[in-house]
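Could you work out the structure for the sequence below:
(chains A, B, C and D)
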Number of protein chains: 2
Amino acid sequence: MGITIKDVAQAAGVSTATVSRALRGLPNVDAATRDRIVAQARDLDYVISPSASRLASGRTGTVAVVTPHISRWYFSTVISGIEAVLESAGLDLLLMGAGIGEAAPQVSPATRLRRRVDAVIVVALPPGDSRLAEVLDLGLPTSLVGTAVPGVSSATINDVLAGQMATQHLINFGHRRIGVITGRSIEEPMSTGRDRLRGFEEAMAGAGLPVDPTMVAHGNSTILGGEQAMTALLTQAQPPTAVFAMSDEMAFGAMKALRSHDMTIGRDVSLIGIDGHDMAEYLDLTTVVQPVKDLGRIATRSVIAQIAGGDAVDPVQLPTQLVVRGSTSPIKAEARR
Amino acid sequence: MGITIKDVAQAAGVSTATVSRALRGLPNVDAATRDRIVAQARDLDYVISPSASRLASGRTGTVAVVTPHISRWYFSTVISGIEAVLESAGLDLLLMGAGIGEAAPQVSPATRLRRRVDAVIVVALPPGDSRLAEVLDLGLPTSLVGTAVPGVSSATINDVLAGQMATQHLINFGHRRIGVITGRSIEEPMSTGRDRLRGFEEAMAGAGLPVDPTMVAHGNSTILGGEQAMTALLTQAQPPTAVFAMSDEMAFGAMKALRSHDMTIGRDVSLIGIDGHDMAEYLDLTTVVQPVKDLGRIATRSVIAQIAGGDAVDPVQLPTQLVVRGSTSPIKAEARR
DNA sequence: TTGTATGCGTTATCAT
DNA sequence: ATGATAACGCATACAA
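Residues are numbered from 1 along each chain as shown, chains lettered A, B, ... in the order given. Below you'll find the predicted structure:
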């Protein structure tokens, strides 16, 4: 019930092979012939059957995006970057959630990917994640966003440096008792969090400052977690005068906790995040901005290049930028000891 | 180079037809035979070829999500709801951006959909949008999120009621000079915005209050736009004592503007939004919460039902809920006139 | 440059 | 309950 390549061939008075070649822009097709075919295809309102084309060619024209979250700012921003590039490349975007716990898909992402995509972009799955390992085992062209794995293309920031920048900024303002709000339990080796923590430690060590274990709180990468973590820090015997939250969203939660404790952000306690979340500007949050959308774009270009036969692309590391706002300021004289 | 149905058939000592039936769980297959086939398929690590299956069956097993934005809160939240349901139904999610201006795809969504999906979910495209019309013309099972079109399945809230609730809440607090921040220029008939405005007007009329044209500002559905709109309202000869922002994100921008003018939110000016954005709680914003994720879920179930042969599903309207926080409070005595 | 013919891996129809 | 086989619509190696 649909127009097929056969109809177009008949209408244009050529074989289906020529139509196939002409419509795909392959060389070795007479200009006049091509024009005639294209015109007929348009007139007949012909649309190629992806299924047939895929079956015959072996290519799916589809790239999967595997992500543990969809609605969180970082992830949706990455996805939007990916989508834009795929669209202009004429590739389909297969969105695949890889949540955990109750949000976990019934069947593993890797299994769901087999035979249906030409490449995969994995967003922010920890290097040790078994689902990531399974995806890599597929042997498909792959690119990682936010995580780096040796031998695999990836687009990341320098998380160690980001952690350093954030911490150093607080140190430069004279803070010595600095708290950290981490994404998840440190036991779990999520590279991003670990790296940012390392940056924190290095900055502290560089300034000759001790890292007090009671100044490390877990924020679970959520706003709520950030609020709880900050509350925990504030109820310590010696609260911090400044706090480094490893993500803006956790920083937002921290701001709430500070307000709840009647503390003025940036005056009583300085606060810095990482991300460059849209809301950071409106909440006057100092943060280390990372080019999230670009991470998605670059990873996408990488898989496209790989599909085209390109070799293993080198990992790309994009720069971050410190944006100072009102949430951080020099330590008050009376708080110094 | 991949295991095909033929290999499984051979290994199980049956025909490919039987394998196909067995693996799809069709009736009229001997239990023992089925078990044998399933076991062989597992042992051989057989994975069906979607392309071949789709070509032969005519079904794509894919549902497209057409959305003008991906990273904005409302949209990414809807998408996450859609993804979860599609996943559990074993359907693929084809994500398709339908931005405007520079983000506009080179070829129209409708064209990109043809022959590649079994159904479409369109998110928040205005009823008059030509791209929406084209998608509907495809004749595919379709469901709309956030917009209602006669004869088409949809999941929405009652926007008129939402606008009323928000406005009435301000009126109940004694406010009489109430401003509105709309999503886009009112000339453009975006049903959501128009409906919410109508709700506003009805509430005002119901209280015998006039609607001052200078109290209507456009916020472009963005944080920045909300800030500018609020600034515009504040610089009027007679600023409002309360403002209804048609989305939480615009309300966030409005909050920034209020702070910039050294006004205390909820005391100097009351502010209410619509959405139930994650950040609303942390910014202490009163808002009319809508079940965004559920909208996505329900629309998805609708298209799944339609794919299964179900008839036109009735439009579903989900309830909203007023959540009062610190951004709204009774009008100050001295502001009353 | 163009045409012929085969294969891609399933599904579904019709027998048996 | 199972098998044989013709579509499904296109890509591509091979001829011409």
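
which phi and psi does the nearest residue to A:V323 once chain neighbours are set aside have?
Closest residue to A:V323 apart from its sequence neighbours, by CB to CB, 6 or more residues apart in numbering or on different chains: A:V289 at 5.4 Å. From N, CA and C alone the C-beta is placed, and that goes for glycine too. For A:V289, the backbone dihedrals (degrees, to the nearest 10) come out as phi -80, psi 130.

Would you mind naming the residues that bridge with A:V289?
A:D275, A:Q321 (DSSP bridges).

Next one: it, what pLDDT does it get?
You'll see A:V289 listed with a pLDDT of 98.

how about the residues of the stretch 1-150 of chain A near DNA strand D?
A:2, A:4-6, A:16-17, A:20-21, A:23-24, A:46, A:48-49, A:51-53, A:55-57 (CB under 7 Å from any atom of the strand).

is the worst-scoring helix or strand of chain A on mean pLDDT anywhere near chain B?
Here the helix or strand of chain A ranked lowest by mean pLDDT, DSSP states H and E is helix A:278-282, holding a mean of 93. Yes. Interface with chain B: helix A:278-282 contributes A:278-279, A:282 (CB under 8 Å from any CB of the partner chain).

coming back round to it: give the buried subset of the residues of the stretch 1-150 of chain A next to DNA strand D as a PyMOL selection command.
Applying 16 or more other CB atoms under 10 Å in any protein chain shown to these, the buried members can be selected in PyMOL as follows:
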select buried, chain A and resi 4+5+20+21+23+46+48+49+51+52+53+55
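
related to what we said a few turns ago, okay, the residues of helix A:278-282 next to chain B in TSV with distance to A:I37 and neighbour count next?
Shown next, in TSV, are the residues of helix A:278-282 next to chain B (distance: CB to CB, whole Å; neighbours: other CB atoms under 10 Å in any protein chain shown):
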residue	distance to A:I37	neighbour count
A:D278	48	19
A:M279	52	24
A:Y282	54	22
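
returning to what we had before: and the residue nearest to A:V323, what does it touch?
A:275-276, A:320-323 (CB atoms under 8 Å, 6 or more residues apart in numbering or on different chains).

now the residues you listed in CSV, with neighbour count?
Output for the contacts of A:V289, formatted as CSV (neighbours: other CB atoms under 10 Å in any protein chain shown):
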residue, neighbour count
A:D275, 25
A:G276, 21
A:T320, 21
A:Q321, 12
A:L322, 16
A:V323, 14
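
so which of the residues you listed comes closest to DNA strand C?
Of all the contacts of A:V289, DNA strand C sits closest to A:D275, with 43.4 Å by CB to the nearest atom of the strand.

Next one: the closest one from B:A162, what distance?
Distance from A:D275 to B:A162, counting by CB to CB, to the nearest Å: 31 Å.

Residue in the stretch 51-200 of chain A with the shortest distance to DNA strand C?
A:A56 (3.5 Å).

Just confirm that residue is within a strand.
No. Looking at A:A56 with DSSP: H, G, I helix; E, B strand; the rest coil, it is helix, so not inside a strand.

any idea of the pLDDT on it?
Per-residue pLDDT puts A:A56 at 98.

try the one 3 residues further on
At A:R59 the predicted local distance difference test score is 97.

Test my guess that it contacts A:D118.
Yes. Using CB atoms under 8 Å as the test, A:R59 is close enough to A:D118 to be in contact (5.7 Å).

between the two, who's got more neighbours?
Using other CB atoms under 10 Å in any protein chain shown as the criterion, A:R59 and A:D118 rank with A:D118 on top: 20 against 12.

For burial, what's the neighbour tally of A:G310?
With other CB under 10 Å as criterion, A:G310 counts 13.

which helices and strands sit right next to the host helix or strand of A:L95?
If you go by DSSP states H and E, A:L95 is part of strand A:92-97. The contact analysis (3 or more CB pairs under 8 Å, 6 or more residues apart in numbering or on different chains; DSSP states H and E) places strand A:92-97 against strand A:62-67, helix A:73-88, helix A:109-113, helix B:73-88, strand B:92-97.

Report the angle between that strand and strand B:92-97.
120 degrees (axes from the mean of the first three to the mean of the last three CA atoms, to 10 degrees).

which residues sit against strand A:92-97?
Residues outside strand A:92-97 that contact it (CB under 8 Å, 6+ apart): A:60-68, A:70, A:79, A:82-83, A:86-87, A:103, A:105, A:109, A:112-113, A:116-117, B:65, B:79-80, B:83-84, B:87, B:92-96, B:116.

For the buried ones among these, write the corresponding ChimeraX selection.
Command for ChimeraX, covering only those of these found buried under the criterion 16+ other CB under 10 Å:
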select /A:60,61,62,63,64,65,66,67,68,70,79,82,83,86,87,105,109,112,113,116,117 /B:65,79,80,83,84,87,92,93,94,95,96,116
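
Next up, the contacts around the residue nearest to A:T4 when sequence neighbours are not counted.
Take A:T4 and drop its neighbours on the chain: the residue closest to it by CB to CB, 6+ apart is A:S49, 7.3 Å away. Going by CB under 8 Å, 6+ apart, A:S49 touches A:2, A:4, B:55, B:115.

One more: A:V135?
Per CB under 8 Å, 6+ apart, neighbours of A:V135: A:66, A:109-110, A:113, A:120, A:122, A:142.

secondary structure class for it?
Applying three-state DSSP: A:V135 is helix.

Excluding chain neighbours, give the residue nearest to it in space.
That would be A:A110: by CB to CB, 6+ apart, it lies 4.9 Å from A:V135.

Measure how buried that neighbour is and give me the count.
A:A110 - counted by other CB under 10 Å - has 20 other residues nearby.

Now do it against chain B, distance only.
From A:A110 across to chain B, the span is 11 Å (CB to the nearest CB, to the nearest Å).

Can you give me the pLDDT of that residue?
pLDDT, A:A110: 97.

Let me see the contact set for it.
Neighbouring residues of A:A110 by CB under 8 Å, 6+ apart: A:131, A:134-135, A:137-138.
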